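**Q** This is the structure alone, sequence omitted:
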């Protein structure tokens, strides 16, 4: 065995066989990662990436310079060069793409060093310039008229209305916060007991108005009449439609619905709806009350996967009955819709969500903390607690896919 090892060592020293010379492993060696970069940016903007150059040899590596060919829409920040890298040491180079026209561009970044095997390391660069759009919106000023119908499930509050108090308080708070000229009426889900009639506690108005001395206390007292009741047939969707019937609006509920006001419906229930018709038929009937879909909105605090959630559709306007932390956002969403203070801003052109930059009164709002992209609505949707205030200027800067 000793003879074999010695013989093999002699062959290596003499340069015999297919193994590289040991002297080669002592040279500096350049490694560039990644070997290529691909960019996507709206025309007139800039995006950047990073190239990491590392000395993977055993001797110091001199990185002399970096150059771009052809020059134009790609740039490299080579201000740190020349640089001498110890074995294992990296250095980063920033590469940017700033398209002037739409379409695909390409360039090669060349990094020169004293690596004897790779004196020039190439990096392939490609970039796509896409159409650039800037849309400006002015947040609604509030002050709209809104008629809010609350459909409350019975037998919720025999302990002093604590089970729905948070939702009612949030509703009135946000209506007042957004300066809504509101009417609010409440009825129960039992169609046999209430038939859609607005309920009033002794000494309280059936229609609670924005100009009243204490709207929140009035509405809570009216809700307590229903919450303490043991009558419950669970027909929340049908009950709301009864309240909006021509007979009720001309009779017991006269004065609730105003011609120019929005119609905003809220359900609060700890059980699912059992109304006989399909959810879609009730939704269409509510919309028909105003003949304009933009003047009708929905919110609910109910069980997940219930018919109420199906009707509301908009996740921001739905609160999970079993998670009170979601109630405030649902009521804020409804109030914003009622007031004309919007949370959703549809865009006019195809948008690549990764390019969207949103500012409110000059301040950049980060995603997903403050807003998200609603693909179905092709819109920027603000999170409930970050809905811009009345009169705010919202600017959405974005590129096409």
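**A** Ah, there it is. Treat the numbers as computed from the prediction; the structure is a model and nothing was measured.
**Q** Make sure residue 88 is actually in contact with residue 57.
**A** No: in this structure residue 88 lies outside contact range of residue 57 using Cβ atoms under 8 Å: 9.2 Å. C-beta: built from backbone N, CA, C; applies to glycine.
**Q** Show me which of these two is the more surrounded one.
**A** residue 57 (21 against 10; other Cβ atoms under 10 Å).
**Q** separation between that one and residue 29?
**A** Distance check for residue 57 against residue 29: by Cβ to Cβ, to the nearest Å, it reads 3 Å.
**Q** Need the residues touching each of those two.
**A** Between them, residue 57 and residue 29 have residue 115 as joint contacts when contacts are counted by Cβ atoms under 8 Å, 6 or more residues apart in numbering.
**Q** ok, what's across the strand from residue 181?
**A** Beta bridges link residue 181 to residue 145 when assigned by DSSP bridges.
**Q** repeat for residue 363
**A** Those that pair with residue 363 in a beta bridge, by DSSP bridges, are residue 360.
**Q** any idea how far residue 98 is from it?
**A** 24 Å.
**Q** With adjacent residues omitted, what lies nearest to residue 311?
**A** residue 279 (5.1 Å; Cβ to Cβ, 6 or more residues apart in numbering).
**Q** hang on, that neighbour packs against residue 312?
**A** No: when contacts are counted by Cβ under 8 Å, residue 279 is not listed as touching residue 312 (10.0 Å).
**Q** between the two, who's got more neighbours?
**A** Neighbours were counted for residue 279 and for residue 312 using other Cβ under 10 Å; residue 312 has more, 27 against 18.
**Q** List the contacts of that one.
**A** Residues near residue 312 by Cβ under 8 Å, 6+ apart: 298, 299, 300, 318.
**Q** Swap in 6 Å and give it another go.
**A** By Cβ atoms under 6 Å, 6 or more residues apart in numbering, residue 312 lies in contact with 298, 300, 318.
**Q** With distance to residue 346 added, can I get the residues you listed in TSV?
**A** Below are those laid out as TSV (distance: Cβ to Cβ, whole Å):
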residue	distance to residue 346
298	19
300	23
318	20
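**Q** Who wins on neighbours among those residues?
**A** residue 300 (28 neighbours).
**Q** Does it belong to a helix, a strand or coil?
**A** Secondary structure assignment for residue 300 (DSSP: H, G, I helix; E, B strand; the rest coil): strand.
**Q** distance of it from residue 395?
**A** Taking Cβ to Cβ, one finds residue 300 at 33 Å from residue 395.
**Q** rewinding a little: so for residue 363 and residue 98, which residue has more residues nearby?
**A** Set residue 363 next to residue 98 and count neighbours by other Cβ under 10 Å: residue 98 wins out with 18 against 9.
**Q** Quick check, the more buried one in contact with residue 44.
**A** No: Residue 98 is beyond contact range of residue 44, at 8.1 Å (criterion: Cβ atoms under 6 Å).
**Q** Helices along the stretch 201-350 of the chain, start to end?
**A** Under the criterion DSSP state H, counting those that start in this stretch, the stretch 201-350 of the chain contains helices at 215-227, 236-243, 246-250, 279-290, 307-312, 327-339.
**Q** Of those helices, which is nearest residue 108?
**A** helix 327-339 (50.8 Å; Cβ to Cβ).
**Q** Could you list the buried residues of stretch 205-216?
**A** 205, 206, 207, 208, 210, 212, 215, 216 (16 or more other Cβ atoms under 10 Å).
**Q** would you list those residues in a markdown table and tack on pLDDT?
**A** Formatted as a markdown table, these follow (pLDDT from 0 to 100):
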| residue | pLDDT |
| --- | --- |
| 205 | 96 |
| 206 | 96 |
| 207 | 97 |
| 208 | 96 |
| 210 | 94 |
| 212 | 94 |
| 215 | 95 |
| 216 | 93 |
